[in-house]
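In: okay, sequence plus prediction incoming.
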Amino acid sequence: MPWPVGKYPQGTTPEEQEVFADQLAHMVEDSVAVIPEGGAVELLSINTSGQPLQENLINLSNKEMSKALTSQTLATEIQGNGSRAASETHRERETAVNQSDRAIIKGTFNQLFQWVTELNFTDAVAPKFNFYEKAQSRKDMVDFLNSALERVPIKRSEYYQRIQMVPPAEGDDIIPVSSSGSA
């Protein structure tokens, strides 16, 4: 936005200078001005190349918010084609932040569980809060069930329910189970 600069003749009183300054201030809002004869108004503007100042401010703000919220900037800063190395580095950082956030949440819940247990139950052990990956829990359950099958029989429906899979129906095209238990 250009800046209006007013020039007044020698001998202009301070009161007239003040009125002139007020008119220039209103000119910024209203785009009009009335000046006395012998005065002059110039509009000075900054000549910039590249992105406008406002766009630079928006981009800078986005980058800073990105860093504050996600501890990385790849998603908002990379222009055009990205690099695999940069994305892998940012993915590692994201994973580290996620693990850190989980640790804070876990500690907070465990402290709350401890307080609730101490206030309401005598000599009781407080429950523990923990995060788990669904895929990992399914693999752990399969390993547990396969180990149990060596000792006790398990109903087929119970097995499928525990590993969270739908049993094949009669006539379904199935992949045969190998002798090691994997497809």
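Out: Received the coordinates, thanks.

In: show me where this structure dips below the pLDDT cut-off.
Out: 1-3, 29-39, 42-50, 72-83, 134-135, 179-183 (pLDDT under 70).

In: show me where it has strands.
Out: Ranges of strands in the chain, per DSSP state E, are 3-7, 40-44.

In: for the chain, which helix is longest?
Out: helix 84-120 (DSSP state H).

In: now do the buried residues in that helix.
Out: residue 90 (16 or more other CB atoms under 10 Å). Yep, even glycine has a C-beta here, placed from its N, CA and C like the rest.

In: by contact count, what packs against it?
Out: helix 74-77 (3 or more CB pairs under 8 Å, 6 or more residues apart in numbering; DSSP states H and E).

In: repeat that with 6 Å
Out: On a contact count with 3 or more CB pairs under 6 Å, 6 or more residues apart in numbering; DSSP states H and E, helix 84-120 meets no helix or strand.

In: distance between that helix and the chain's centre?
Out: Mean-position distance between helix 84-120 and its chain equals 15 Å (CA atoms, centre = their mean, to the nearest Å).

In: same thing with stretch 120-137?
Out: With CA atoms, centre = their mean, you get 28 Å for stretch 120-137.

In: buried stuff in it?
Out: Buried-residue list, stretch 120-137, by 16+ other CB under 10 Å: empty.

In: with stretch 58-66 instead?
Out: Buried-residue list, stretch 58-66, by 16+ other CB under 10 Å: residue 66.

In: any idea how far it is from the chain center?
Out: Counting by CA atoms, centre = their mean, stretch 58-66 comes out at 12 Å from the chain centroid.

In: for stretch 139-147, same thing?
Out: 36 Å.

In: with stretch 126-142 instead?
Out: 26 Å.

In: can you list the residues that contact it?
Out: 102, 106, 109-110, 113-114, 117, 162-163 (CB atoms under 6 Å, 6 or more residues apart in numbering).
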